[in-house]
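J.: give me a model of this one.
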Amino acid sequence: MKHLFIGLLCCISVVTNCFAQAGDLLKKNISDTMLSPARIVEIADPFDGQKALLKLFPGKYYNLSEGNYKNELINWDCTSCKPRSFRDANEEESYQFPYAEGVATRLLNVISYKDSAGTQYKMLTFNHSAYDPDGLQTSRFTGGTLGIAKFSLTGSLWTMKFFQPAIGAYGAFSKCPTPKPVVIGHDQYAFMLDVVNGPAGGPFTGVLYLIAGTGGAYKEVLTVHDASRTEVEEEEGMSSWSCTYNAPQSDKRFFRDIIVTMKGQYRSTDIESLPEEVKPYVSTNKKGTFTLARRYVYKWGKGYQLQGPAGVTVD
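T.: This is a model prediction of the structure:
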């Protein structure tokens, strides 16, 4: 992990020098109507995520990718927009979006799925960061603002059915993790964000955030802190674990229970970092393995709540 962090810093340094020679990137002012959820947007089949994103945010497009380095972005400003307050998972205080200095928008991924009637959908997810004249994302303790747009296929046209330009900020270096789809009910898709963060050299801890549609908007409905912890060198004597999650079939039509399972190794020299449910079962004079299964149940108006007791196995 130390090599990865140093490599990232070197990459940023090289790219910064390259962009500085080419001059500052520009941004384009767009109308506040571009952020309206009532917009009518149609995309010809086959669906192209980057072209769709540019239609949603018709700013100044740049492709700064080179080799394994990928960086496509759309720089825009909206002088007529009224900023709204959003929460950054890293901060206690809210922030304003669109950003006062301008916005750089990047495609995260395109999620394809069908409902029980066979209708095809594309969920476009994207990341906003503050405009940077060099096209970088370098704010270590700032998350990237997540946004989504949902399209359905009718004939040869993909028509936008839902648009939420901003949900909140997650991750680090102004970059939101790529959302992963989770089926949590009948034709009900949610999206998990796995945020892994920590000091240079590790260990890095993971936090899970489940984003789901409820009350007419997508929002955070589940947070699992310390869901994972990366391994470090054996001689450092630290505990580590990974996690998986699923929403098993049940008689619940919507918002099925979420099972989060953590598996890992504990060290007697690092018991305090373990999940609370595991601590009473571990030996204080050896190392071993553990499995912890937590069940989260959806409570209307409150999101997913931990349902105890958790299942714990220690070897």
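
J.: the stretch 101-250 of the chain: strands as residue ranges?
T.: 103-114, 120-130, 144-154, 157-170, 180-185, 188-197, 205-214, 217-229, 240-246 (DSSP state E, counting those that start in this stretch).

J.: mind putting those in TSV, mean pLDDT included?
T.: Formatted as TSV, the strands of the stretch 101-250 of the chain follow (pLDDT from 0 to 100):
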stretch	mean pLDDT
strand 103-114	98
strand 120-130	98
strand 144-154	98
strand 157-170	98
strand 180-185	97
strand 188-197	96
strand 205-214	97
strand 217-229	98
strand 240-246	98
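
J.: burial of residue 154, as a residue count?
T.: 12 (other CB atoms under 10 Å). In short, each C-beta sits where N, CA and C put it, glycine included.

J.: and it, what are its bridge partners?
T.: Beta-bridge partners recorded for residue 154 (DSSP bridges): residue 157.

J.: closest to residue 88 out of the strands of the stretch 101-250 of the chain?
T.: strand 157-170 (3.8 Å; CB to CB).

J.: confirm residue 280 sits in a strand?
T.: No. Going by DSSP: H, G, I helix; E, B strand; the rest coil, the assignment for residue 280 is helix, not a strand.

J.: pLDDT wise, what is it at?
T.: As predicted, residue 280 sits at a pLDDT of 93.

J.: which pLDDT value goes with residue 22?
T.: Taking residue 22 on its own, its pLDDT is 58.

J.: cool, and residue 178?
T.: pLDDT, residue 178: 98.

J.: distance of it relative to residue 107?
T.: 10 Å (CB to CB, to the nearest Å).

J.: go on, residue 267?
T.: From residue 267 to residue 107 the distance is 41 Å (CB to CB).

J.: including distance to residue 63, could the strands of the stretch 101-250 of the chain go into a markdown table?
T.: Listed next are these as a markdown table, based on distance: least, CB to CB, whole Å:
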| stretch | distance to residue 63 |
| --- | --- |
| strand 103-114 | 11 |
| strand 120-130 | 16 |
| strand 144-154 | 19 |
| strand 157-170 | 22 |
| strand 180-185 | 26 |
| strand 188-197 | 26 |
| strand 205-214 | 28 |
| strand 217-229 | 28 |
| strand 240-246 | 35 |
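
J.: and residue 40, which of those is closest to it?
T.: strand 157-170 (7.2 Å).

J.: for the closest one, buried residues please.
T.: 158, 160, 162-170 (16 or more other CB atoms under 10 Å).

J.: and what of stretch 194-203?
T.: 194-197, 202-203.

J.: next one: stretch 131-147
T.: In stretch 131-147, the ones that count as buried by 16+ other CB under 10 Å are 131-132, 134-137, 139, 142-147.
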